[in-house]
Every structure is written in C-alpha cells, then in structure tokens.
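# Just to be clear, the model below is a prediction. Sequence and coordinates:
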Amino acid sequence: MASDPLHLLRRLFAAAVAAADPAHAIPPHLPPPPKGRTVVLGAGKAAAAMAQAVEAHWPGPLSGLVVVPEGHATPTRWVEVALAAHPVPDARGAAAARRLLARAQSLSSDDLALCLISGGGSALTGLPGGTITLEEKRAVTTALLRSGAAIGEINTVRKHLSAFKGGRLAVACFPAPCVTLIISDVPGDDPATIASGPTVADPTTAADAVAVLARHGIAVRDAVARHLATPAAATPKPGDPRLARSRVTLVATPQGALEAAAAVAVRAGYVPLILGDAIEGEAREVARVHAGITRQVLRHSQPVAAPCVLLSGGETTVTVRGPGRGGRNTEFLLALAIALGGAPGVHALAADSDGIDGAGAAAGAVIAPDTLARARAAGLDARAHLDGNDSHSFFAALGDLVLTGPTRTNVNDFRAVVIERPSEDSRRAGEA
C-alpha cells in the first residue's frame, strides 16, 4: 500500500488524464481516406492535440482548421490552429466559427469532413445566429455561467443563439460525409451536448432555451428574446436528411478516465469505488454527499472497507454569490474539508482534467486531515472563504493547489478521496 496518500492522489489524477490523451484515443477510430479531400474541422480544449494525432497517423494529404483556447495549442503541420477566448466567447471565436463553416461548405460528396470535438468548443465557436450581436451573446453566456445552471441547460441556450452549433456544422458539410471524433466532457456523454453538438441533430427547441433562462431568472435583452421567437433559432432535428452522412464516435470519456484511476488504486493496495461518472449539482452539496459516504466507510466499513478510494466524475456547478476567486473543484474541496472537519486518514483531490479549474491557473487542489488546522494557524477562515466563493485563494495560501497547466484534453472533473484504515484511536476521534 502507498505510504503517501497525497502522492497517490496525484498518480490517480495523472492516470485519468493520460487515459484521455488524444495521441492514444484518436488513432483506433480514424476512418478510411476518401476519394477526394480530407478536411479537418475542430473545436475544443483538446482539438489541437487531436489534430496532431490525426496528422501522425493519416495516410494521405490533409488540410483543416481547429480552434482552441489560449495555452491549449500544440504544433501541427497541415491543420491550422486558431486561438479564441474561453469560457466567454470573443470575436476571434466568432471569426473561427465563420471560417470553419466556409471550409465545410466547400466540400463535395467525394470529400471527407473529419470533425474533432471536445469540451470548451461551445465558447470557442461563439458565432451568433440571426441578428444577435456578439456582445448580446456574451452577456447571456456570462449570466448562465454564474447562475448555477447545468451544462446541458447552458448548451441548450447556446445552440439556439448560434449559427454554428446544434448540428449546423454538419449541415454545412453536406453532401460530404462528416465523421466526428469526440472527447466527452459532459455528464452522460451525450454528443448533442458536448461542445453544443455542432455535428449532431438537436432534440431541444427554442422554447426549451427560453425555459432554461426563466428557470434561472436570467433576463435577456430584447433582441435575444425576439431571436428565440423566430425560425432562425431553430436547429436541425433528428431525421434531417442533411445529417444522413454524419457519424459520431466517442473516443474518450469520463468513465474511461475513472477506470484508469481505479486500476492505479488497485495496484497501490486500495479498493476503488466509482461513485459515478456523471455527478452534477452544486459543488458544495456534492461535497456533503462525499463527506457522508466517507464517514460511513470510517465508521461502518460500508459500502467498502478502508483502505479505499472513492472516485467520481461529472460536472458540478457553482452559483456565484461572493466576490472571491475560485472554481468548482476547489469549491468542492473546501466544502468537503469543512464537512469532514479533519477526519483522520482522509485525503482528497479534485481537479479539472483540462488543467484549468474555473478562470484560475490551477487544475484543482488537495486536502488532508490537517487542512483546517493549518488554515487556522495561517489566519484563514475556511467558512468565510467558502461563503465568498474564494476557494482558490484559500488553497493558494496553503500551497495546496494542483498546478498542471493545460493538459490538452478534457473529460471534465476528477475527484478522488483516499481513506486509510483508521486506528482505534482515530476511529473514535472520527466518531466524536
């Protein structure tokens, strides 16, 4: 059994990220070359690394364009890599989306559109639909990101305010076959939700988008409301003949990442328990549930006995009420530390597999049984930091951030709780 739980946590996270490495995930799923041209079209945090993997294994000529956030580019020979803002769209992303559509519209039935899609693609292709302005779309996106809305809800709205998402890229490719390789970053792995499904038929409606906005109390400008009431907001639906030549394959998923981490845990002498790959909800509420399961393990050896590792993925949300700096993973961890109250033998890591948690430079953070004690000694009020949505600052002050830089892949949140076998003294302390 590993002697250093914090080291084990970092190994688990590294294994999860490696399982989604495009260099390994892409090659087995490449289609045969077409009679005509092969044009790569892509968007997302992993798009450049995916394009690089295609170039390394493609048997013929290639061209294309992918768009990634700052810091997520990687060298390519034939596929151009454009940069744009994330998570709020900017003019560079709108321009990139327009160029992607133009390349798609140039294809013939003998050509192939090889689309490389990963998380983050929604923000990176923020080309407004109808007469909506980019600034109006940015305002809606910002409000949604602060509202606590789930990613499926956010992308329902995005699709109906877009000229690119919700199947529109695949429509632009027609009559060329469109093969889409996807790295999933959403709970449930629904291709229509990942990056807002640019090559996938959209089962949602503009009325659904209006309902999301109303549910979260988001007031939109008159131009946005008018757009959602027009045919321009409609997306291609299942059965649309223009999507008949579109095929989608998931090449990496959150479940695969969790299974890779579980294998590392087994080799280290810990029993892994995967709680789920699609966990959603407020980060601090998800933390309370994880704390409850942890206490059940410590007190009753259920649902598994220590030494064990609780693993989970998905995408939590944060309803921003304070002025602090944080991300959903550091907020989860701070809430978990408070809920555990220094429970003996418990260490945890939560991080975003893309290497960036929220808008900060950290992937996430770690906690240990002494986290709260060290915070008090440093003059930090854990509860005040949580109330102010200031988890990043809390862990930065303790030196407990996980810093990886952009990983150039994205299978969403990764959470691991290592529970050591407690001594009798520590068991009584945990029950107190």
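Arrived safely, thanks for sending. Numbering: from 1, shown residues only.

# Which secondary structure elements does the strand ranked longest in the chain sit against?
Longest strand in the chain, counting residues (DSSP state E): strand 271-282. Here strand 271-282 touches helix 254-267, helix 283-300, strand 308-317, going by 3 or more Cβ pairs under 8 Å, 6 or more residues apart in numbering; DSSP states H and E. Yep, even glycine has a C-beta here, placed from its N, CA and C like the rest.

# buried sites along the first one?
Looking back up the chat, that one is helix 254-267. Residues of helix 254-267 classed as buried by neighbour count (16 or more other Cβ atoms under 10 Å): 254, 255, 256, 257, 258, 259, 260, 261, 262, 264, 265.

# any weak-confidence spans in this protein?
Scanning the chain for pLDDT under 70 picks out 1-3, 359, 423-432.

# Which parts of it are strands?
Using DSSP E, strands in the chain cover 38-43, 63-69, 79-84, 112-118, 178-183, 246-252, 271-282, 308-317, 346-352, 364-367, 401-402, 413-419.

# Switch those strands over to a markdown table, and while doing so, append distance to residue 91 to every line.
A markdown table is the format used below for the strands of the chain (distance: least, Cβ to Cβ, whole Å):
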| stretch | distance to residue 91 |
| --- | --- |
| strand 38-43 | 16 |
| strand 63-69 | 12 |
| strand 79-84 | 9 |
| strand 112-118 | 22 |
| strand 178-183 | 26 |
| strand 246-252 | 29 |
| strand 271-282 | 32 |
| strand 308-317 | 27 |
| strand 346-352 | 26 |
| strand 364-367 | 31 |
| strand 401-402 | 32 |
| strand 413-419 | 30 |
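
# domain parsing for the chain?
Following automatic domain parsing, the chain resolves into domains at 5-16+255-431, 22-252.

# quick one: terminal-to-terminal distance for the last one?
End-to-end span of domain 22-252 (Cα to Cα, to the nearest Å): 8 Å.

# Let me see the contact set for the closest residue to residue 44 other than its chain neighbours.
Take residue 44 and drop its neighbours on the chain: the residue closest to it by Cβ to Cβ, 6 or more residues apart in numbering is residue 118, 3.1 Å away. When contacts are counted by Cβ atoms under 8 Å, 6 or more residues apart in numbering, residue 118 touches 42-47, 50, 182-183, 185, 194-195, 409-410.

# circling back: could you dump the helices and strands packed on strand 271-282 into a markdown table and include distance to residue 391?
Output for the helices and strands packed on strand 271-282, formatted as a markdown table (distance: least, Cβ to Cβ, whole Å):
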| stretch | distance to residue 391 |
| --- | --- |
| helix 254-267 | 22 |
| helix 283-300 | 9 |
| strand 308-317 | 12 |
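
# So for residue 338, which of the strands of the chain sits nearest?
The minimum distance between residue 338 and those falls on strand 364-367, with 9.9 Å, by Cβ to Cβ.

# which other helices and strands contact the closest one?
Packing partners of strand 364-367 (3+ Cβ pairs under 8 Å, 6+ apart): helix 5-19, helix 328-340, strand 346-352, strand 401-402.

# please redo it, this time with the cut-off set to 10 Å
Applying 3 or more Cβ pairs under 10 Å, 6 or more residues apart in numbering; DSSP states H and E, one finds that strand 364-367 contacts helix 5-19, helix 328-340, strand 346-352, helix 391-398, strand 401-402, strand 413-419.

# In TSV: those, plus distance to residue 130 and mean neighbour count.
Rendered in TSV, the data for the helices and strands packed on strand 364-367 read as follows (distance: least, Cβ to Cβ, whole Å; neighbours: other Cβ atoms under 10 Å):
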stretch	distance to residue 130	mean neighbour count
helix 5-19	39	21
helix 328-340	32	27
strand 346-352	33	28
helix 391-398	37	23
strand 401-402	42	21
strand 413-419	34	27
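
# Tell me which of those sits nearest to residue 271.
strand 413-419 (9.4 Å).

# Specify the angle between the closest one and strand 271-282 in degrees.
130 degrees (axes from the mean of the first three to the mean of the last three Cα atoms, to 10 degrees).

# any idea of the angle strand 413-419 forms with helix 283-300?
Going by the same axes, to 10 degrees, strand 413-419 makes 20 degrees with helix 283-300.

# circling back to that earlier point, out of the helices and strands packed on strand 271-282, flag the one nearest residue 362.
Across the helices and strands packed on strand 271-282, residue 362 has its closest neighbour in helix 283-300 (14.9 Å, Cβ to Cβ).

# Report all helices and strands that the closest one contacts.
Secondary-structure packing of helix 283-300 (3+ Cβ pairs under 10 Å, 6+ apart): strand 271-282, strand 308-317, helix 328-340, strand 346-352, helix 382-387, strand 413-419, helix 424-431.

# can you pull up the bridge partners for the residue nearest to residue 44?
Beta bridges link residue 118 to residue 183 when assigned by DSSP bridges.

# how close does it sit to residue 347?
Distance of residue 118 to residue 347, given as Cβ to Cβ, to the nearest Å: 30 Å.

# if we can go back for a sec, tell me the one among the buried residues of helix 254-267 nearest to residue 289.
Using Cβ to Cβ, these come closest to residue 289 at residue 258, 16.7 Å.

# Quick check: the closest one touching residue 13?
No: the pair residue 258 / residue 13 is not scored as a contact, 11.1 Å apart, by Cβ atoms under 10 Å.

# Next, show the common contact partners of the two.
Here residue 258 and residue 13 have 414, 415, 416 as joint contacts, going by Cβ atoms under 10 Å, 6 or more residues apart in numbering.

# Out of those, flag the one nearest to residue 102.
Within the shared contacts of residue 258 and residue 13, the smallest distance to residue 102 is 37.0 Å, found for residue 414 (Cβ to Cβ).

# which residues does the residue lying closest to the closest one once chain neighbours are set aside contact?
Spatial nearest neighbour of residue 414, chain neighbours left out: residue 16 (4.9 Å); criterion: Cβ to Cβ, 6+ apart. If you count contacts by Cβ under 10 Å, 6+ apart, residue 16 has them with 254, 256-262, 264, 311, 313, 351, 353, 407, 409, 411, 414, 416.
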